[in-house]
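Chemist: just need the structure, nothing else, for what follows:
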Amino acid sequence: MKKIAIITDSACDLPDRVIKKYNIKLLPLRIIYKDREYRDRLEIQPQEVYDNIQQEVPTTSLPTAEDILGVFDLLVEEGYTEAIVITLSSSLSGTFNMVKMLANDYDKLKIRVYDSKTLGMFLGFIVKEAAIYAGNHSMEEIIQRARVIRSKLKGGYVLKTLTYLRKGGRIGKVEGTVGELLNLKPIIGINDNGAYYTITKTRGWKKAVTKLRKMISDEFKDKKYHIAVIHGGAEEEANALMDSIQNIGQIAEGYVAQISPALGVHTGPGLIGYAAYEI
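Modeler: Numbering: from 1, shown residues only. This next block holds a predicted model:
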């Protein structure tokens, strides 16, 4: 009997309760310090990264081949016959290519690997919808559902400092430095190719958060939608943003979600944003 599993990587930012509910399997990215290494979300949590970031900014790396093959083997033991792996954007990580290479040589499961062209709770929502579909749909139907959700997703985020994006090479050094000097706060989105881009710019953190709320209102007023307010070391502000949008349309499902350690390394403490889509 056919049984389809859904696998993703630890950059999906889905709450643990959702991952458990749908038996979603996680491939942990790695957080690497000079003298130690952790598996993202399994052996280290975001706050630990933020607490130590002044002393050392770690690097990140792909899931290991051992971890990936271990998940494949586990699925075989659990009676799965097929698996869909939905990864974070191949424009931001080599995870997609790594998984695809290993999946091509693995003959105990039929495996499809799908590049979400996104990350964080944008990826998380795609994965969750795929997992809901997995019970009674074909692999092609599940992947088509993933594509539909990807096309519907709206959102963006703002950072208190651009220092960590600049250090990680994910924003131009000049742009990042000028932004800091002028207190410019770009609201950053992810485009159809899975790369970062600037949606708009504001001056100052409070104006940026106000702009995020306006973006939600403009997009979802009088509509029914799913939303995750995401944060990195800014839980109080994330809860306040979620509280402020309760009367904007009808929230079918809402999360306040902390970004994974692997993403927090690149953004630093002080991130707030949202990912949402209309039903």
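
Chemist: rest of the way, CA atoms for contacts and neighbours
Modeler: Will do.

Chemist: now the helices: where do they sit in the stretch 151-279 of the chain?
Modeler: 163-167, 173-182, 205-220, 235-244, 261-267 (DSSP state H, counting those that start in this stretch).

Chemist: of the ones you listed, flag the one that's most buried.
Modeler: helix 261-267 (a mean of 24; mean count of other Cα atoms under 10 Å).

Chemist: thinking again about what came up before, and the helices of the stretch 151-279 of the chain as CSV, adding distance to Glu140?
Modeler: Shown next, in CSV, are these (distance: least, Cα to Cα, whole Å):
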stretch, distance to Glu140
helix 163-167, 36
helix 173-182, 41
helix 205-220, 30
helix 235-244, 35
helix 261-267, 30
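
Chemist: out of those, flag the one nearest Arg147.
Modeler: Arg147 lies closest to helix 205-220 among the helices of the stretch 151-279 of the chain, at 20.0 Å (Cα to Cα).

Chemist: re the thing from before, in JSON lines: the helices of the stretch 151-279 of the chain, plus distance to Lys2 and mean pLDDT.
Modeler: JSON lines is the format used below for these (distance: least, Cα to Cα, whole Å; pLDDT from 0 to 100):
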{"stretch": "helix 163-167", "distance to Lys2": "43", "mean pLDDT": "68"}
{"stretch": "helix 173-182", "distance to Lys2": "50", "mean pLDDT": "50"}
{"stretch": "helix 205-220", "distance to Lys2": "38", "mean pLDDT": "96"}
{"stretch": "helix 235-244", "distance to Lys2": "40", "mean pLDDT": "95"}
{"stretch": "helix 261-267", "distance to Lys2": "34", "mean pLDDT": "82"}
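
Chemist: out of these, flag the one nearest Met1.
Modeler: With Cα to Cα as the measure, helix 261-267 is the member of the helices of the stretch 151-279 of the chain nearest Met1 (36.8 Å).

Chemist: what comes into contact with that closest one?
Modeler: 10-11, 29-31, 40-41, 44-47, 49-50, 57-60, 120, 159, 161-165, 167-168, 232 (Cα atoms under 8 Å, 6 or more residues apart in numbering).

Chemist: filter those to the buried ones?
Modeler: Among the contacts of helix 261-267, those classed as buried by 16 or more other Cα atoms under 10 Å are 10-11, 29-31, 40-41, 44-47, 49-50, 57-58, 60, 120, 159, 161-165, 168, 232.

Chemist: assumed Phe142 was part of a helix.
Modeler: To be clear, residue 142 is Ile; Phe isn't right here. Yes - checked against DSSP: H, G, I helix; E, B strand; the rest coil, Ile142 lies within a helix.

Chemist: which helix or strand in this protein has the lowest average pLDDT?
Modeler: helix 173-182 (a mean of 50; mean pLDDT, DSSP states H and E).

Chemist: buried residues, the helix or strand hosting Val127. List them.
Modeler: Element membership for Val127 (DSSP states H and E) is helix 120-133. Applying a neighbour-count criterion of 16+ other Cα under 10 Å, one finds 120-131, 133 buried in helix 120-133.

Chemist: stretch 85-101 now?
Modeler: 85-90, 93, 95-96, 99-100.

Chemist: just the residues you listed: which are in helices?
Modeler: 95-96, 99-100 (DSSP state H).

Chemist: quick one: the residue nearest to the spatial centre of the chain from Tyr80, how far?
Modeler: The centroid of the chain falls nearest to Gly120 when counting by Cα atoms, centre = their mean (1.0 Å). Gly120 sits 26 Å away from Tyr80, going by Cα to Cα, to the nearest Å.

Chemist: list the buried residues in the strand or helix carrying Ile19.
Modeler: Using DSSP H and E, Ile19 sits in helix 16-21. Neighbour counts over helix 16-21 (16+ other Cα under 10 Å) mark Ile19 as buried.

Chemist: please apply the same query to stretch 144-161.
Modeler: Buried residues in stretch 144-161 (16+ other Cα under 10 Å): 145-147, 149-150, 153-161.

Chemist: which residues touch Asp16?
Modeler: Counted by Cα under 8 Å, 6+ apart, Asp16 has zero contacts.

Chemist: low-confidence ranges, this protein, go.
Modeler: 164-182 (pLDDT under 70).

Chemist: could you redo the last one with a cut-off of 90?
Modeler: 1-2, 41, 44-59, 135, 160-186, 195-198, 203, 233-234, 258, 260-270 (pLDDT under 90).
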